[in-house]
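Undergrad: Sequence first, predicted model second:
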Amino acid sequence: MSRRRLCGPLLLAAAVALPLAVTAPSSATASEAPPAARAASETAAEAVSEAAAAEATVPLEEVTATTTQVASGLRRPTAIAAPDDGTGRLFITEKPGTVRVYHPDTGLATTPLIDLTDVVDETGNERGLLGIALAPDFPQSQVLYLAYTALPDAAVTLARYTLTDSSLEVLLQQEHAEYNNHNGGQLAFGPDGYLYLGIGDGGGSGDPFLSGQRLDTLLGKILRIDVSAACGGLAYCIPEDNPFVGTPGARGEIWLYGLRNPWRFSFDPADGSLWIGDVGQGRWEEFNHLPAGQGGANLGWSCYEGLEVFDETHCVDGEEYTEPIYTYSPYTGGCAVIGGLVYQGEEYAGLVGGTYIATDYCSSVVYAIRQDGSGGYQVAEIGETPTQITAFGATVEGEFYLVNDLPGGLHRMTFDGPEEPVGGDCEVGYTVNAWGTGLTAGVTITNTGTEPVSPWELEFTLPAGQEVVSGWNAVLTQNGTAVTATNAPYNATIAPGASVSMGFLARHTGDASAPAAFTLNGAACDTAD
């Protein structure tokens, strides 16, 4: 979904005191993805095809995510990667500059696999070793890629590391000395075999360098480069189909712009689409979802934060901005969105297959987002993670792990569906009258059995974003998205064949749909047509 800005001053990059970097020469472009990367991508696509076909059939609001701690003792872990080499290992980056190894049979190894503490700048809360991606041919090459802030000047750095000889080769650096926050650091190989790197807007507050909307800096961007070769004096090549190759004054490495701090993004292995969690300034955290191959999109920062204009003076006349698919306010307890992964494993395919799972560093809410088949999205809050989650990772089989910051733990995520419903002698009718950001719901409960129901308690789950304001003919309580309606003193008994009516007024953020299921005194009810 996009929007076109019809007014606003032209953004002048020259007004910002940030060094400009020249566009890489045309000789730095690469014509196509390297064969090894293409082969690895094709193999990965085949591996998920069977699991992807098993899309979830359970409504999101009936799914619960839980976690189990499997290791402790990590030092501010930041990212997870799983080598496809048959070992069952996980590689975990730690902020000070080390990579640790976990195996479910032997636990967390004491000795680091990699130690870069002599080159990593970990000063400040957000600097350090930030991201890891394994080369598509890792089992053969033993090559991986690391993103970190480097000594002595905290430049955001992309480097290649080879395990066989412990060699480190710096490929790319972006100056980032003035502020210690908004470094980004996410790394991922896309379905095209190219490496994608996220870099924040330079830090501080309010985009002080106006980086988000500029194309002459790598700050506030997601980059796309070919690390299989070197071109034109660079340690990498720039794919010739990158959207700004040949644009005067623009950096050819840029794939997407208008980002504040894309701390975590990921590719859906089934369709190659890109999911991004972009950390907000203070009013809105946002999720973005882009089809495979859609480069050049402007995600809005710092003209927009979420769906709202953040700073009119940062907007460009006539510019087209791509809207987030979902936003939430940190005022509800969150502070920083932690982008996650699309589940394409087998164990929970019936519950969350094809569903994007993410969280927030402070609120620990688990967000589940699923495409609805009509161009929209279903969103539900399906549980809580441990505090201060910093990253998701997946095993080769597609099962989820998470790490959390200062507690230093590794956690396995699992999913549960609804208990087997117990047939009840009840039927629920539900009608909605919605407008703007509000709605009224009318609920009719019918006793279809042969015995009176007294007292009664109706339970149901509202879609994400709906919040009960007031009700009538029942006492309503809401916990997250779960609502309990208890009888009033004057309608505590529902005789056989009789009905009682109740209702409520609620706010919504765009989804005014009805709950998927109802239980009366713990028994599942039929829903009226």
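TA: Nice, I can see it. A quick note: this is a predicted structure, and the numbers were derived from the prediction, not measured.

Undergrad: residue ranges with poor pLDDT in the stretch 401-529 of the chain?
TA: 419-423 (pLDDT under 70).

Undergrad: quick one: the strands in it?
TA: Under the criterion DSSP state E, counting those that start in this stretch, the stretch 401-529 of the chain contains strands at 410-416, 423-435, 438-447, 457-461, 467-472, 474-479, 482-487, 499-507, 518-520, 523-527.

Undergrad: Can you get me the start-to-end distance on stretch 199-215?
TA: Stretch 199-215 has an end-to-end distance of 13 Å (CA to CA, to the nearest Å).

Undergrad: so how many other residues sit close to residue 183?
TA: Here the count is done by other CB atoms under 10 Å, and residue 183 has 31 residues near it. Bear in mind the C-beta positions are built from the backbone N, C-alpha and C, glycine included.

Undergrad: can I assume residue 174 is in contact with residue 219?
TA: Yes: look at residue 174 against residue 219 with CB atoms under 8 Å: they come within range, at 6.6 Å.

Undergrad: Between these two, which contacts overlap?
TA: Taking CB atoms under 8 Å, 6 or more residues apart in numbering as the contact rule, residue 174 and residue 219 both touch residue 199.

Undergrad: Got phi/psi on residue 138?
TA: Torsion angles at residue 138 (phi, psi; degrees, to the nearest 10) stand at phi -50, psi -40.

Undergrad: What sits closest to it if chain neighbours are left out?
TA: Closest residue to residue 138 apart from its sequence neighbours, by CB to CB, 6 or more residues apart in numbering: residue 83 at 5.5 Å.

Undergrad: Residue 174 and residue 219: which is more packed in?
TA: When neighbours are counted by other CB under 10 Å, residue 174 and residue 219 differ, and residue 219 comes out ahead with 26 against 23.

Undergrad: helix or strand for that one, which one?
TA: Here residue 219 sits in a region with no helix or strand, counting by DSSP states H and E.

Undergrad: In this protein, which residue is most central in space?
TA: Most central in the chain under CA atoms, centre = their mean is residue 339, positioned 2.4 Å from the mean C-alpha point.

Undergrad: partners of whatever helix or strand that residue lives in, with directions?
TA: Using DSSP H and E, residue 339 maps to strand 337-342. In the sheet, strand 337-342 lines up against strand 356-360 (antiparallel) (DSSP bridges).

Undergrad: The partner strand: what's the following helix or strand?
TA: strand 365-371.

Undergrad: helices or strands up against that following strand?
TA: With contacts taken as 3 or more CB pairs under 8 Å, 6 or more residues apart in numbering; DSSP states H and E, strand 365-371 sits against strand 285-290, strand 326-328, strand 356-360, strand 377-384.

Undergrad: So for that strand, what gets flagged as buried?
TA: Buried residues in strand 365-371, counted by 16 or more other CB atoms under 10 Å: 365-371.

Undergrad: cool, and stretch 67-84?
TA: 67, 71, 74-84.

Undergrad: Between the two ends of that stretch, how far is it?
TA: 24 Å.

Undergrad: Equivalent analysis for stretch 508-525, please.
TA: 25 Å.

Undergrad: for stretch 111-120, same thing?
TA: Stretch 111-120: ends 18 Å apart by CA to CA.

Undergrad: what comes into contact with that stretch?
TA: 91, 94, 96-101, 128-129, 146, 148-151, 161, 163, 166, 168.

Undergrad: about what we covered before: so what does the helix or strand following the strand holding residue 339 touch, helix or strand wise?
TA: Next helix or strand after strand 337-342 toward the C-terminus (DSSP H and E): helix 349-352. Using 3+ CB pairs under 8 Å, 6+ apart, the elements in contact with helix 349-352 are strand 410-416.
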